[in-house]
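Peer 1: Quick one, what's the 3D model for this:
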Amino acid sequence: MASPELTSTRSPRVTVARRLAKRNHRSAERRFLAEGPQAVREAVAAADAAIEVYATAEAAERHPDIVDRARASGVPVLRAAEDVVAAMSQTVTPQGMVALCRFVDVPLASLTEPSAPDLVAVLAHVRDPGNAGTVLRAADAAGAEAVVLTDASVDLYNPKTVRASAGSLFHLPVVAGPRVEDTVARLRGAGLRVLAADGTGSADLDDELDAGGLDGPTAWVFGNEAWGLPEETRALADAVVRVPIHGRAESLNLATAAAVCLYASARAQRGASGCRAT
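Peer 2: Numbering: from 1, shown residues only. Below is the predicted model of the structure:
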């Protein structure tokens with residue numbers, strides 16, 4: 001087995017990786033880390049996202065598809081000692097593979113040009129990075145065409161957000177940092193109906209679905225895990241919608257409620273044929 005190319009935890013590459021644990025360094029350098037095989041696999045598959053991949057010998061042998069895909073895409077793969085990869089990682093139990101990546105967010109204006117999307121998730125006041133990443137993953141799974149994290153939400157490139165997205169960060173356009181007012185204005189101007197998800201909403205998700213209120217292009221706005229959406233954000237929406245609780249649970253957590261709302265829209269838009277109308 002070949003010797004690792006990176007053996008010192010004091011190497012410049014490790015220093016760079018450690019700096020990226022802080023938001024100000026990520027923002028200044030417009031770079032972040034994707035950790036673990038799943039995230040690295042999606043990073044190297046995305047155009048111009050991955051800069052370099054660092055992998056232990058064991059991880060490289062276990063995931064030859066990632067190594068081959070990276071090299072075929074012109075992304076260098078550097079073999080690293082286990083303690084080097086551990087020093088780069090932000091997790092308690094590193095999985096032996098890390099990718100240095102470029103920022104992948106897109107401008108808000110690009111979401112509606114040249115055509116408007118059918119389904120968008122807007123994270124207006126989501127502060128928990130794990131929830132943000134999980135909503136991004138749910139939006140990807142439901143077939144949403146974009147996700148927006150407003151300036152009142154957690155950093156898109158927070159390591160916990162990146163991990164919780166399970167690679168979905170690289171699958172669909174994501175906008176980072178616009179004001180919620182600007183986001184709603186842009187999406188409504190492009191013809192989307194804006195729905196705020198809140199447990200105290202006056203509209204019921206089942207009723208909206210039955211009445212055909214989810215059939216058209218829709219942007220869902222999701223709020224804070226603990227206190228929901230502030231009144232000024234609710235006022236921006238065309239309707240404030242609650243997910244009905246049919247059992248005895250007190251409520252749903254943010255990520256679960258977001259998944260329910262996004263899948264309800266996806267099902268309505270696809271109709272009985274299983275495909276979106278064109």
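Peer 1: Return the residues in contact with the residue nearest the centre of the chain.
Peer 2: For the chain, the residue nearest the mean C-alpha position is residue 136 (3.5 Å; CA atoms, centre = their mean). Residues in contact with residue 136, defined by CB atoms under 8 Å, 6 or more residues apart in numbering, are 121, 147, 161, 164-165, 168-169, 174. In this view, the C-beta of every residue, glycine as well, is placed from N, C-alpha and C.
Peer 1: Okay, now the unreliable bits of this protein?
Peer 2: The model of the chain has pLDDT under 70 over residues 1-4, 272-278.
Peer 1: in it, which spans are helices?
Peer 2: 12-19, 23-29, 37-45, 57-62, 64-72, 82-88, 129-142, 159-164, 180-189, 205-210, 231-234, 254-270 (DSSP state H).
Peer 1: Please point out which parts of the fourth one sit buried.
Peer 2: Looking back up the chat, that one is helix 57-62. 57, 59-60, 62 (16 or more other CB atoms under 10 Å).
Peer 1: Tell me how far that helix lies from the chain's centre.
Peer 2: Computed by CA atoms, centre = their mean, to the nearest Å, the chain-centroid distance of helix 57-62 equals 27 Å.
Peer 1: From one end of stretch 194-209 to the other, what's the distance?
Peer 2: 15 Å (CA to CA, to the nearest Å).
Peer 1: Need the residues that contact that stretch.
Peer 2: By CB under 8 Å, 6+ apart, the list of residues contacting stretch 194-209 reads 184, 187-188, 213-214, 218-223, 228-229, 233-234, 236-244, 251-252, 257-258, 260-261, 264, 267-268.
Peer 1: what's the answer for stretch 19-32, then?
Peer 2: 16, 33, 51, 90, 100-103, 155, 157-159, 162.
Peer 1: Just give me the closest of the residues you listed to residue 8.
Peer 2: Nearest to residue 8, judged by CB to CB, of the contacts of stretch 19-32 is residue 16 at 13.5 Å.
Peer 1: wait, doesn't the closest one sit right on residue 100?
Peer 2: Yes. In this structure, residue 16 is within contact of residue 100 by CB atoms under 8 Å, at 7.4 Å.
Peer 1: who has more neighbours, the two?
Peer 2: residue 100 (23 against 16; other CB atoms under 10 Å).
Peer 1: mind listing what the more buried one touches?
Peer 2: Taking CB under 8 Å, 6+ apart as the contact definition, residue 100 lies against 13, 16-17, 20, 31, 33, 50-54.
Peer 1: Write the PyMOL selection for whichever of those residues are buried.
Peer 2: Buried members of the contacts of residue 100, defined by 16+ other CB under 10 Å, are picked up in PyMOL with:
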select buried, resi 13+16+17+20+31+33+50+53+54
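Peer 1: Kindly present the contacts of residue 100 as a markdown table, with separate columns for distance to residue 195.
Peer 2: Converted to a markdown table, the contacts of residue 100 look like this (distance: CB to CB, whole Å):
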| residue | distance to residue 195 |
| --- | --- |
| 13 | 45 |
| 16 | 42 |
| 17 | 40 |
| 20 | 35 |
| 31 | 35 |
| 33 | 34 |
| 50 | 35 |
| 51 | 38 |
| 52 | 41 |
| 53 | 40 |
| 54 | 42 |
